[in-house]
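Asks: Fold the following and give me the result.
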Amino acid sequence: MLRFIILVTLLVSSACALQWEIYREEMIGNKESSGEVMVKTNQGLPGLCWTCKWTMRNVKKKISNGATQDDIKSQLSMVCDQIGFLKSACRGMVNKYTGVLVEELSTSDDPTTICVNVGICKKRPF
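Replies: Below is the predicted model:
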């Protein structure tokens, strides 16, 4: 019984930690110069920007500089299996933007730049 309680506690805390990370990253990216938090209105699914950056970061790690488009497509199709409860959001994003993501992953852009170029994330004001 104690093992079950510990297991449930660990699962709940890891899910909360992931949600907190998504929330924190979105809030950092949405601060205006005055320091007030903006409300997102043009992004449909909360956490999609974080999902995009996570996906691009993991695919970039697995492909080499000379990777073909087929190699990149293969990695894109497999990476969503590793994201956990955001798997369906990841797959939807990859399916919708496959062509653009393959082109963007062929460049030397970082994950944030790729997600901004695709239109999934907002460009941060500097």
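
Asks: and this structure, what are its domains?
Replies: For the chain, the structural domains run 1-32, 48-118, going by automatic domain parsing.

Asks: Point out the most buried one among the ones you listed.
Replies: Between the domains of the chain, domain 48-118 has the highest mean count of neighbours, a mean of 17, where neighbours are mean count of other CB atoms under 10 Å. The way it works is simple: take the backbone N, C-alpha and C, and place the C-beta from them, glycine included.

Asks: Next, the distance between the ends of that one.
Replies: In terms of CA to CA, to the nearest Å, the two terminal residues of domain 48-118 are separated by 12 Å.

Asks: So what's the model's average confidence on it?
Replies: In this model, domain 48-118 carries a mean pLDDT of 88.

Asks: residue contacts, residue 97?
Replies: Shown here is residue 97, whose contacts under the criterion CB atoms under 8 Å, 6 or more residues apart in numbering are 118, 120.

Asks: And it, how far from residue 116?
Replies: 13 Å (CB to CB, to the nearest Å).

Asks: Kindly report the same for residue 106.
Replies: Summarising the geometry, the distance separating residue 106 from residue 116, computed by CB to CB, is 17 Å.
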